[in-house]
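Trainee: Dropping a prediction and its sequence here:
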Amino acid sequence: QVQLVESGGGLVQAGDSLRLSCVASGRSFSSYKMGWFRQAPGKEREFVAAISWTGNSYYSDSVKGRFTISRDNAKNTVYLQMNSLEPEDTAVYSCAADNQRLGIRATDFGSWGQGTQVTVSS
């Protein structure tokens, strides 16, 4: 397992951009698939984006074309570049990692960070 620490959240206006970072501690970061999930108040946690250990990326329909996930294995870091933010993107964003399970559901990730708040005002 790895320990994950997110950063980069904040309060922005609609149309602005933010970049979230997630630093992983532990061994063999490059072998982990990484994901971003979010949870808004009163709603269930939802998948945002994921990147495999080979660099393949996946996005939810709600963020496709606006968000970009990337990883820097030399820095043990995964990023989520968020552009054209909308009030509906307001949520706590959590980073997740796994090197055992296939899939990109929340249950397919075994390690989680504490999350970082993103608030988008209209």
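Mentor: Arrived safely, thanks for sending. Numbering: from 1, shown residues only.

Trainee: beta partners for the nearest residue to residue 8 once chain neighbours are set aside?
Mentor: Spatial nearest neighbour of residue 8, chain neighbours left out: residue 20 (4.2 Å); criterion: C-beta to C-beta, 6 or more residues apart in numbering. C-beta: built from backbone N, CA, C; applies to glycine. According to DSSP bridges, the residues that bridge with residue 20 are residue 80.

Trainee: Can you tell me how far residue 20 is from residue 85?
Mentor: Look at residue 20 and residue 85: by C-beta to C-beta, to the nearest Å, they are 11 Å apart.

Trainee: okay, and the common contacts of those two?
Mentor: Common contacts of residue 20 and residue 85, defined by C-beta atoms under 8 Å, 6 or more residues apart in numbering, comprise residue 118.

Trainee: Beta-bridge partners for the residue positioned nearest the centre of the chain, please?
Mentor: By C-alpha atoms, centre = their mean, the mean C-alpha position of the chain lies nearest to residue 36, the distance being 2.2 Å. Assessed by DSSP bridges, residue 36 has beta-bridge partners residue 49, residue 95.

Trainee: who's in contact with it?
Mentor: Going by C-beta under 8 Å, 6+ apart, residue 36 touches 20, 22, 48-50, 69, 78, 80, 93-96.

Trainee: Which neighbouring elements make contact with the host helix or strand of residue 71?
Mentor: Assigned by DSSP states H and E, residue 71 belongs to strand 67-72. With contacts defined as 3 or more C-beta pairs under 8 Å, 6 or more residues apart in numbering; DSSP states H and E, strand 67-72 has these neighbours: strand 33-39, strand 46-51, strand 57-59, strand 77-82.
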